[in-house]
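Asker: coordinates only, sequence not included:
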């Protein structure tokens, strides 16, 4: 009903698009309590994209980190034993973040943002440490700002990223 | 709120106690690491006692002794217990996250993180792999 898709089955003309937008603004003005009424206003059309979930960047970041570890493990197979479990953890985090935000992590456009990587094992580890540190800071911030029902998951993710830094030492 | 923090305090008492039998079975660098871990738990304990007292909550006291989950007879079992102590204590701090906000939540997160990082170090000392778990502190 309120899926985030902006289909325009009822014609792409500008007027109806504006109507949709105005109705969406109305829904936003009167708050989430009237989500059902919003659907009625739109005559069954899906509402415009809701505000992205504040955890969306963390979800993308988790997938990005998983890709970085996978790419580094491919470039330096001697590190795979250390890096593969961490890549798996990032993917597990992404799956949980997708669950609580009601999004689908698969089908992300662009695939791996990093592509193949090269360098010595030491250089690869240093790069991973930098990315992991940044991801850890983001998770700490997200946990601190999160509503109660998300705090425990985000705390585990932040703590896990700290342990990844330890495992990379 | 104070219920979860009181539970975290009871976990810290148990952790401090456990590093006694752990410490006597360790050798080399692990002895120092155990001493530092115990000191960290003492400092969390002291901060919690002060905090709970300041909020007017009942401050639980520690027990004279605790049942070990398995006999600690050598370095290997001592390291295994150290991992378990950190994992269990971290779980109590994780449970405090939803009932805290602001600086108090930051402290609970720092405590969970410290436990998780120490568990990782003890796994490394024990030669356990993988060194990490995906969701530190999560039950089950």
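Answerer: Good, I have the coordinates. Keep in mind it's a predicted model, so treat the numbers as computed, not measured.
Asker: Low-confidence bits of chain A, can you list those?
Answerer: Applying pLDDT under 70 to chain A picks out residues A:1-49, A:105-115.
Asker: what about 50?
Answerer: Flagging of chain A using pLDDT under 50 yields the residue ranges A:1-40, A:107, A:109-111.
Asker: distance of residue B:101 from residue A:157?
Answerer: 18 Å (CB to CB, to the nearest Å). The C-beta positions use only the backbone N, C-alpha and C, and glycine is treated the same way.
Asker: Compare these two (neighbour count), which wins?
Answerer: Neighbour count, other CB atoms under 10 Å in any protein chain shown: between residue B:101 and residue A:157, residue A:157 has more, with 30 against 16.
Asker: check which helix or strand covers that one.
Answerer: Here residue A:157 sits within helix A:148-167, counting by DSSP states H and E.
Asker: Next, the residue nearest the centre of chain B: phi, psi?
Answerer: When CA atoms, centre = their mean is applied to chain B, the residue found nearest the centroid is residue B:89 (3.7 Å). The phi and psi values for residue B:89, taken as degrees, to the nearest 10, are phi -60, psi -40.
Asker: Which secondary structure state does residue B:72 sit in?
Answerer: Under the three-state scheme (DSSP: H, G, I helix; E, B strand; the rest coil), the conformation of residue B:72 reads as coil.
Asker: Residue B:8 too?
Answerer: With three-state DSSP as the basis, the three-state label of residue B:8 is helix.
Asker: how close does residue A:88 sit to residue B:11?
Answerer: Residue A:88 is 28 Å from residue B:11, where distance means CB to CB.
Asker: and the residue nearest to the centre of chain B, what does it touch?
Answerer: Listed by CB atoms under 8 Å, 6 or more residues apart in numbering or on different chains, the contact set of residue B:89 reads B:8, B:11, B:12, B:14, B:15, B:41, B:115.
Asker: ok, now which ones touch residue 139?
Answerer: Since you didn't name a chain, this refers to chain A. Applying CB under 8 Å, 6+ apart, we find residue A:139 in contact with A:58, A:154, A:157, A:158, A:161.
Asker: wrong one, I was asking about chain B
Answerer: Listed by CB under 8 Å, 6+ apart, the contact partners of residue B:139 are residue B:91.
Asker: helix, strand or coil for it?
Answerer: coil.
Asker: so how far is residue A:142 from the residue nearest to the centre of chain B?
Answerer: The span separating residue B:89 from residue A:142 equals 23 Å under the rule CB to CB.
Asker: before we move on, what about residue B:51?
Answerer: Between residue B:51 and residue A:142 the distance, using CB to CB, works out to 24 Å.
Asker: With neighbour numbers in mind, choose between the two.
Answerer: Taking neighbours as other CB under 10 Å, residue B:51 and residue A:142 compare with residue A:142 leading, 22 against 16.
Asker: show me the contacts for the more buried one.
Answerer: Taking CB under 8 Å, 6+ apart as the definition, contacts of residue A:142 comprise A:54, A:55, A:58, A:154, A:157, A:158.
Asker: Which element, helix or strand, includes it?
Answerer: Assigning secondary structure by DSSP H and E places residue A:142 in helix A:121-145.
Asker: Buried residues, that helix. List them.
Answerer: For helix A:121-145, burial by neighbour count (16 or more other CB atoms under 10 Å in any protein chain shown) applies to A:124-125, A:127-128, A:131-132, A:135-136, A:138-140, A:142-144.
Asker: do stretch A:162-169 as well
Answerer: For stretch A:162-169, the buried set under the neighbour-count rule, 16+ other CB under 10 Å, comprises A:162, A:163, A:164, A:165, A:166, A:167, A:168.
Asker: wait, the fourth one sits on residue A:128?
Answerer: No. Checked against CB atoms under 8 Å, the pair residue A:165 and residue A:128 is beyond contact range at 9.2 Å.
Asker: Contact residues of chain B facing chain A?
Answerer: In this structure, chain B approaches chain A at residues B:90, B:94-95, B:97-100, B:102, B:105-106, B:108-109, B:112-113, B:115-117, B:119-121, B:124, B:129-138, judged by CB under 8 Å from any CB of the partner chain.
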